[in-house]
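Chemist: Give me a 3D structure for the following:
(chains A and B)
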2 protein chains.
Amino acid sequence: MTRFRLVLEWDGRGFLGWQRQPHGPSVQGALETALHEVTGEAAAVQAAGRTDAGVHALAMVAHVDVMKPFAPFRLAEALNARLRAAGARVAVLAADVAPPGFHARFSCVGRAYEYRIVCRRAPLTFEAGLAWRLPRLPDVAAMRQAAGYLVGRHDFTTFRSAQCQAGSPVRTLDRLDVEARGERVVVRAEARSFLHHQVRSMVGALVHVGLGKAAPHAVRAMLEARDRAALPLNAPPDGLWFAGARYPATEPGVSERFTPGLAPVEPTIGNPKTS
Amino acid sequence: MTRFRLVLEWDGRGFLGWQRQPHGPSVQGALETALHEVTGEAAAVQAAGRTDAGVHALAMVAHVDVMKPFAPFRLAEALNARLRAAGARVAVLAADVAPPGFHARFSCVGRAYEYRIVCRRAPLTFEAGLAWRLPRLPDVAAMRQAAGYLVGRHDFTTFRSAQCQAGSPVRTLDRLDVEARGERVVVRAEARSFLHHQVRSMVGALVHVGLGKAAPHAVRAMLEARDRAALPLNAPPDGLWFAGARYPATEPGVSERFTPGLAPVEPTIGNPKTS
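Modeler: The predicted structure is shown next:
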């Protein structure tokens, strides 16, 4: 048996979310079906994070155990061919043999999300469902100030959904940056782990402040309320992208890095003759 | 009667191209239908360029004559509402009253396209149909060298489709830049006007060189052949985006600019209270 580590990208518009569902398409379901077609085996695919319906991934890390021998590159190519044939907008960007003891979810020590906002009057065309449209540019400086109250270790009860199953509402938010360029605003969030709807809830609060409906320090009061009812606005799933997962370094001299630079994964699939 | 100038964006995946077609959806058709619903008038919308099926626009300039009085902002909002209701992925980004004598096509003195290439083994997910996927990174330096042979005034017979209706195959190519970042390559082309399939043909030739199938100077031979059969490869429409149109300055002190900065258009629709 070999445990493979996969880096995945998907367009969340066609899915009910990561987790396999009896009543509709899921990313996990699409992958497990493709895997069954390729290997003849019924294996469960585990991911670093379970995303909701309509949420996208730029670089999700997952693992799967396969009994038959496969070169990682061949497994990735075969999965991509099946996914494509099935019309599933999921792609395996990279694959390698997982280091000993690796678990995509339990070994993960950092998760990164980005939230994309496009500020304009006109409806979105090619980005419909891929970003949150605001009719005007929010006050980005106010959003940054508000974000400062959320960074650090806090009880995020206000910022998690009523359905959140985490044992504790306490999380340590390592980063919550607001970047603006032209009509685009991107919020980047990093933490060891997030509560259910936490990123969308935080973005909702920041936008509420950015649109002038509350002062930046109101976010501190929302946090201290420890009450879901204190959240003024939850951002839609459209703009949310899982951007990377981080794992402890398994080789000396290699530091922890987020997925896009995950050391041993990319060379396996990338073309070595790149010039 | 008022002539309105419009800046349009569209996702070309759902259209047979700009031009109204009897047998399927076109951007012009979608706009003219929306306009009829809004104004009750049957007016023709003219654009700076007529794009093919599957080609996208970031900032196409168009004009239309309307008899009923409309504030440009209201006309844009009403058109967007109708386009959205019709499920047409076309958006009016900006609208204003055209300067005297303005014609979106005949007044246009510059057109800009960009061609998006994503280099990776995995199929595209959210960018499927919006970029050309190459399985590996081309030699960008070789592509730049090849592009140098195409810039300037030439007979582009090799680089136009057999269906091209232009009277002369001679065009002056002002710019053909190749930009690379990570797995992405973007080719930017600017000219007063282009022949049918010219950008896709040029990109095809550059990629042929970039993949090592010909030396950069082979592009010079293709050009000198003045023969469509000398073109090794035509790039697919997927990656092609109309990026801007340029018009002579109508006000003193305002220089010619490409659409995104078109002076009097944007403030009309943008929110003046932007902070």
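
Chemist: Pull the number of nearby residues for the residue nearest to residue A:13 when sequence neighbours are not counted.
Modeler: Closest residue in space to residue A:13, ignoring its immediate chain neighbours: residue A:129 at 4.5 Å, by Cβ to Cβ, 6 or more residues apart in numbering or on different chains. Every residue, glycine included, has its C-beta placed from N, CA and C. Residue A:129 has 17 neighbours, counted by other Cβ atoms under 10 Å in any protein chain shown.

Chemist: can I assume residue A:129 is in contact with residue A:238?
Modeler: Yes - counting by Cβ atoms under 8 Å, residue A:129 sits close enough to residue A:238 to count as a contact (5.2 Å).

Chemist: residues from chain A in reach of chain B?
Modeler: Residues of chain A lying close to chain B by Cβ under 8 Å from any Cβ of the partner chain are A:9-11, A:13, A:56, A:76-77, A:80, A:83-84, A:89-93, A:120-126, A:128, A:130, A:135-137, A:139, A:269-271, A:273-275.

Chemist: Repeat the analysis, applying 7 Å as the threshold.
Modeler: Selection of chain A residues close to chain B by Cβ under 7 Å from any Cβ of the partner chain yields A:9-11, A:56, A:77, A:80, A:84, A:89-93, A:120-123, A:125-126, A:128, A:130, A:136-137, A:139, A:269, A:271, A:274-275.

Chemist: quick one: least confident helix or strand in chain A?
Modeler: helix A:266-269 (a mean of 29; mean pLDDT, DSSP states H and E).

Chemist: re the thing from before, so of the residues of chain A next to chain B, which ones are in strands?
Modeler: Within the residues of chain A next to chain B, residues falling in strands by DSSP state E are A:9, A:10, A:56, A:90, A:91, A:92, A:93.

Chemist: Assumed residue A:143 was part of a strand.
Modeler: No - applying DSSP: H, G, I helix; E, B strand; the rest coil, one finds residue A:143 to be helix, outside a strand.

Chemist: Can you tell me how far it is from chain B?
Modeler: The gap separating residue A:143 from chain B is 11 Å, by Cβ to the nearest Cβ, to the nearest Å.

Chemist: residues touching that residue, list them.
Modeler: A:178, A:206, A:209, A:210 (Cβ atoms under 7 Å, 6 or more residues apart in numbering or on different chains).

Chemist: now the third one, what's its secondary structure?
Modeler: Secondary structure, three-state DSSP: residue A:209 is helix.

Chemist: How about the second one?
Modeler: The assignment at residue A:206 comes out as helix when based on three-state DSSP.

Chemist: so it makes contact with residue A:187?
Modeler: Yes - if you go by Cβ atoms under 7 Å, residue A:206 and residue A:187 touch, sitting 6.5 Å apart.

Chemist: and those two? which has more neighbours close in?
Modeler: Set side by side, residue A:206 and residue A:187 show more neighbours around residue A:206, with 29 against 25, by other Cβ under 10 Å.

Chemist: Now the more buried one: closest residue in space, sequence neighbours ignored.
Modeler: Once flanking residues are discounted, residue A:206 sits nearest to residue A:143: 4.5 Å by Cβ to Cβ, 6+ apart.

Chemist: Could you pull up phi and psi at the residue lying closest to residue A:40 once chain neighbours are set aside?
Modeler: Among residues not flanking residue A:40 along the chain, residue A:68 sits closest, at 7.4 Å (Cβ to Cβ, 6+ apart). Torsion angles at residue A:68 (phi, psi; degrees, to the nearest 10) stand at phi -70, psi 150.

Chemist: now swap in residue A:237 and tell me
Modeler: Per-residue torsions, residue A:237: phi -70, psi -30 (degrees, to the nearest 10).

Chemist: which ones are touching it?
Modeler: Going by Cβ under 7 Å, 6+ apart, the list of residues near residue A:237 reads A:52, A:53, A:54, A:55, A:200.
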